[in-house]
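1. need a structure here:
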Amino acid sequence: MVENLDLLAAKMAQKIVKEDSGAKELDNLVTKTLGVLQENGVYACLLFLFSRSDREEVRARGIRNALLETLNHAPLKTLQLSLPGDSKTWTWEFVSKQLLEDVKLFDDLDALFLVKELYEQTLIYARYGAKAAKVESKGTR
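-> Numbering: from 1, shown residues only. The predicted structure is shown next:
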């Protein structure tokens, strides 16, 4: 059971990087996502990731699923922010309804800022992880 939020951010960032083979493209999308999160907040960040299509869709799904999975880990689980089901059932309509109406994440500013900070740290670690993967892939050629 992970209780340290920084450790949770690091583990989720590793998951994002490990599940994606295109380090350059991942770095680019994570950087864009981080910018949306920092400028517009959690809701806009998730909406941005759900709105990706074509080349970015699979990569965006991996990022958003990792971010949403953090809500199901301790200590966030004690805040009752968990999403039911698994990532295969997490459509935009479902996630939006859960976060706005059922979990009411946006009604609790403390929880919202905690989630934003966790997402930000996760994306920062994923960005550095993708950059490290780019350097490693150049060195092995």
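
2. Which parts of the helix or strand encompassing Met12 count as buried, going by neighbours?
-> Secondary structure from DSSP states H and E places Met12 in helix 5-18. Buried residues in helix 5-18, counting neighbours by 16 or more other C-beta atoms under 10 Å, are found at Leu5, Leu8, Ala9, Ala10, Lys11, Met12, Ala13, Lys15, Ile16, Val17. Placement of C-beta: from N, CA and C, glycine included.

3. Burial check on Lys104, number of neighbours?
-> Neighbour count of Lys104, defined by other C-beta atoms under 10 Å: 14.

4. what does His73 give?
-> With other C-beta under 10 Å as criterion, His73 counts 19.

5. hmm, back to that, and the contacts of the helix or strand that comes right after the helix holding Met12?
-> Of the helices and strands lying after helix 5-18 in sequence (DSSP H and E), the nearest is helix 23-40. With contact meaning C-beta atoms under 8 Å, 6 or more residues apart in numbering, helix 23-40 is reached by 16-17, 20, 44-45, 48-49, 52, 55-56, 59-60, 63, 116, 119-120, 123-124, 126-127, 130-131, 133-134, 137.
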